[in-house]
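Undergrad: I would like to see how this sequence folds:
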Amino acid sequence: MYSKLAFRNVKRSFRDYAIYFLTLMFGVCIFYIFNSIDAQSSMMVISESTLESMETLQMILSFFSVFVAVILGFLIVYANRFLVRRRKKELGIYQMLGMEKGQISRILIIETMFVAISSLAVGLVVGIFLSQGFAVLTASLFEVKLSEFKFVFSSAAAIKAILYFGIAFLLVLIFNQITIGKQKLIHLLYAERKNEKFKTPHLTISVILFVVSLVCFLIAYYLVLKQTDSYRMKDSQLLVATILGGVGTLLFFISLSGFFLKIIQQMKGVYFKGLNMFVLRQINSKINTAYVSITMVCLMLFLAICGLSFGMGFSQAIASDLEHLHPHDATTVLAFYTSELDEEVSITGDGTPVSIDIMKEFDKVTIPTSSYAKEISVVRMYVLDTEPHMYDEFASENHMTLSEYNTCLELQGKETVTLRDNEMIFNCINEECRENFGEYISHNQITISGVDLELKKLDDTVLRNTFSMSSYDCIRILPDALFTDELIANARGYLYIINIQFIESTVEYEDLYFDAIMELFDNIGLEYQTVENSVSSMIMNVARIENFESNKSYSVTIAYLAVYLGVIFLVMAAVVLAIAQLSESSDNAQRYTLLRKLGVDDRMINKALFSQIAIYFGVPLLLAIVHSIVGIRFSNQLISEYGRTSILRDSVIAGGILITIYGGYFLATYWVSKRIVGGGLH
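TA: Below you'll find the predicted structure:
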């Protein structure tokens, strides 16, 4: 009997359960997809290092999934509160008919289990099918090929989803037991007549709070936007900007209820049109009593938009610029200095730089270059103190001859350039550094070897492999004639740049080269180490394949976590708003009944209901979008340190996800609210 009654209740209240069911389904689906990478990898042709990266990503996602499960558990309990509150009168009638609280609890348990099993089943099925397409995205991010497309299922992800959501449903059952157990019959029967008490803030105080909130926003935006280079922004400034943004958002919504309605009331044509007066008063009272939750929703939407945009943009930036930052299969930078044994040696200027014929040193290595190299070039870069004054961190101590610069261009298949005796080229891949140098040289004279130099062009060619844009040192390209014996003798150091193209871009040839270059490095160190002299040395290897795989692992992990948490925050924000509006509709059902008795037709009521929900969903979203514009600019600058890709395109994709999930909850809320309001009319 209890099962039959519970099933009938769920069937009769299907629309009431829509938000609850949608939240559970979304949660299970998202949870399964992001924990099924182990199964997705079976479709891919991947190297051992990539497999290790995917396993690391799986482990990190599993760790964060515990946090996500807690959030989703909170949402499940929060959504369940609405269902219990909505049905308090029904539960009270059960008691009047002679049912004991234990019997009522048994009905609720059966109902909850039915909805739980249904949502878990649907969520898992949807998640399993969507994860097949997600495998293609994962393969794209890791830049690996699919061996064959086959249907895969992750038992581990399914078990985690069932386990974590089973715990959440257990908490729901406990919550329902407590709620029913402590409620008196009269409270159940008259729960819908209880109204929230609120007091509207004084207009003057509201205006002051509104102005203060705008000041907080302006200061926070200024702290973020004034830093054109995000890596120069201090952590303390970012913390202050974050706190001011949060406080400003809270004050904004507190103040809004104090003068929002009064402003609209001055617009007679708007205020007295249709049911606007009724709708605006409803919105005003809701904002006044729920400004804390609306603030949290706004901040969660901000984090969701920025997280989705940054996550996808960061991965794309790394992927697109790895090729740009790695024009060669491998680059090695070498430096050697000698000094007497009793002197401290470092590669920052102490000691005497060693002049080396690198190609001759390669001939001494047991692994011949012909066994791995198709093309190889060695150029020297001089570290010179050319000016007594230095301009910021954009000062360039690195200098290269025009002929060696052209050697780098030839290896990349680019056209060589020429310079007049008094011309120079400034090579730097950081746009801000190039602009700053151009501005500096327009107001200052650079003189080398007695020649006043003019800037021919600002160049962004990548002359050697580099880990990131921020790790690439700027270089001045000068005519060969300026490198006199005296200038070279006064150089603080020589950096030897070895650029190499392998016979084939494979791990095997890369390993051969690494063995060869380390042998060369050891040979040079031993050659210049004597009983009188000590040697200080430096070596840096930047190989394409090795750097690609390490960067892919890092970028994909960041992308997954940002998108994962972004979607969760988005769902959380939407659920909080949806439940709040459904509760509002339930509380106001009698008011809509009164409107009907006063002659208002269903079309006007539905329009008023739609407007009320749209404003309630739209206000925190609009402020979150304003915050996100600043946040995305900050994120874009942060990403530019790793690559040149803009996240504007990814912001559009994030907008699509936002519209799908947030808009879906908005429509579902309106659909269920229509039924609740309609139910109150009978």
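
Undergrad: Just the mean pLDDT for the helix or strand where Asn547 lies, thanks.
TA: Using DSSP states H and E, Asn547 falls within helix 544-587. In this model, helix 544-587 has an average pLDDT of 78.

Undergrad: Show me what the following helix or strand past it is packed against.
TA: Of the helices and strands lying after helix 544-587 in sequence (DSSP H and E), the nearest is helix 589-597. For helix 589-597, the packing partners by 3 or more CB pairs under 8 Å, 6 or more residues apart in numbering; DSSP states H and E come out as helix 602-640, helix 648-679. C-beta here means a position set from N, CA and C on the backbone, and glycine is covered the same way.

Undergrad: Pull out the buried positions in the longest one.
TA: By neighbour count, and taking 16 or more other CB atoms under 10 Å as the criterion, the buried residues in helix 602-640 are 605, 608-613, 616-617, 619-621, 623-625, 627-628, 630-632, 634-640.

Undergrad: avg pLDDT for stretch 355-367?
TA: 90.

Undergrad: where's that stretch relative to the chain centroid, distance-wise?
TA: Put simply, stretch 355-367 sits 46 Å off its chain's centre (CA atoms, centre = their mean, to the nearest Å).

Undergrad: Could you do stretch 125-138 as well?
TA: Per CA atoms, centre = their mean, the centroid offset for stretch 125-138 relative to its chain is 21 Å.

Undergrad: mind saving the C-alpha coords of that stretch as CSV?
TA: Coordinates of each C-alpha in stretch 125-138 appear next as CSV, following Å, rounded to 0.1, in the frame of the first residue of the first chain:
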residue,chain,number,x,y,z
VAL,A,125,22.9,6.7,-19.0
VAL,A,126,23.2,10.3,-20.2
GLY,A,127,26.7,10.5,-18.7
ILE,A,128,27.8,7.3,-20.4
PHE,A,129,26.7,8.4,-23.8
LEU,A,130,28.1,11.9,-23.4
SER,A,131,31.4,10.6,-22.2
GLN,A,132,31.9,8.9,-25.6
GLY,A,133,32.0,12.3,-27.2
PHE,A,134,34.0,13.6,-24.3
ALA,A,135,36.7,11.1,-25.2
VAL,A,136,37.2,12.9,-28.5
LEU,A,137,37.7,16.2,-26.7
THR,A,138,40.2,14.5,-24.3
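
Undergrad: now the helix holding Asn547 against helix 602-640, angle please.
TA: Helix 544-587 runs at 160 degrees relative to helix 602-640, counting by axes from the mean of the first three to the mean of the last three CA atoms, to 10 degrees.

Undergrad: tell me what helix 544-587 is packed against?
TA: helix 18-34, helix 48-86, helix 101-142, helix 276-289, helix 291-325, helix 507-528, helix 602-640, helix 648-679.

Undergrad: can you list those helices in TSV and add mean pLDDT and distance to Glu431?
TA: Shown next, in TSV, are these (pLDDT from 0 to 100; distance: least, CB to CB, whole Å):
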stretch	mean pLDDT	distance to Glu431
helix 18-34	78	35
helix 48-86	70	31
helix 101-142	74	26
helix 276-289	68	44
helix 291-325	79	13
helix 507-528	88	31
helix 602-640	83	8
helix 648-679	79	17
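
Undergrad: which one of the ones you listed lies closest to Ser442?
TA: Closest to Ser442 of those, according to CB to CB: helix 602-640, at 24.1 Å.

Undergrad: According to the record, where do the domains of the chain fall?
TA: 1-194, 329-547 (automatic domain parsing).

Undergrad: hmm, back to that, for the helix holding Asn547, what is the distance to the chain centroid?
TA: Relative to the mean C-alpha coordinate of its chain, helix 544-587 is positioned 8 Å out (CA atoms, centre = their mean).

Undergrad: can you start the count at 337 instead of 1 from here on
TA: Sure thing, new numbering starts at 337, so read that last one as helix 880-923.

Undergrad: Look up how far Thr754 lies from the closest residue to Thr737 other than its chain neighbours.
TA: Excluding the flanking residues, the one nearest Thr737 by CB to CB, 6 or more residues apart in numbering is Asp816, at 4.7 Å. Separation of Asp816 from Thr754 (CB to CB, to the nearest Å): 11 Å.

Undergrad: between those two, which one's more packed in?
TA: Using other CB atoms under 10 Å, the more surrounded residue of Asp816 and Thr754 is Asp816, with 12 against 9.

Undergrad: show me what contacts the more buried one?
TA: Asp816 makes contacts with 737-739, as judged by CB atoms under 8 Å, 6 or more residues apart in numbering.

Undergrad: Is Gly935 in a helix, a strand, or coil?
TA: Three-state call for Gly935 (DSSP: H, G, I helix; E, B strand; the rest coil): coil.

Undergrad: for Asn877, same thing?
TA: Secondary structure, three-state DSSP: Asn877 is strand.

Undergrad: In this structure it contacts Asp847, no?
TA: No: under the criterion of CB atoms under 8 Å, Asn877 makes no contact with Asp847, lying 11.7 Å away.

Undergrad: quick one, which of these two is more surrounded?
TA: Per other CB under 10 Å, whichever of Asn877 and Asp847 has more neighbours is Asn877, with 19 against 14.

Undergrad: helix/strand/coil for the closest residue to that one other than its chain neighbours?
TA: For Asn877, ignoring the flanking residues on the chain, the nearest one in space by CB to CB, 6+ apart is Thr668 at 5.2 Å. Of the three states, Thr668 takes strand under three-state DSSP.

Undergrad: now do the one 5 residues further on
TA: What three-state DSSP gives for Tyr673 is strand.

Undergrad: which residue sits closest to it, ignoring its sequence neighbours?
TA: Nearest one to Tyr673, counting by CB to CB, 6+ apart, is Gly687 at 3.5 Å.

Undergrad: what about the one you found, distance to Gly829?
TA: From Gly687 to Gly829 the distance is 9 Å (CB to CB).

Undergrad: who touches both of the two?
TA: Tyr673.

Undergrad: ok, back up a step: which residues are in contact with each of Asp816 and Thr754?
TA: Leu738.

Undergrad: Tyr849 reaches Ala709, doesn't it?
TA: Yes: the pair Tyr849 / Ala709 is scored as a contact, 7.3 Å apart, by CB under 8 Å.

Undergrad: circling back to that earlier point, out of the helices and strands packed on helix 880-923, flag the one nearest Tyr557.
TA: Once these are compared by CB to CB, helix 938-976 is nearest, at 5.1 Å.

Undergrad: For the closest one, name the packing helices and strands.
TA: helix 539-561, helix 571-602, helix 612-625, helix 627-661, helix 880-923, helix 925-933, helix 984-1015.

Undergrad: any idea of the angle the fifth one forms with helix 627-661?
TA: With the same axes, to 10 degrees as the criterion, the two stretches helix 880-923 and helix 627-661 enclose an angle of 160 degrees.

Undergrad: now the angle from helix 880-923 to helix 354-370?
TA: Going by the same axes, to 10 degrees, helix 880-923 makes 170 degrees with helix 354-370.

Undergrad: Cool, thanks, talk later.
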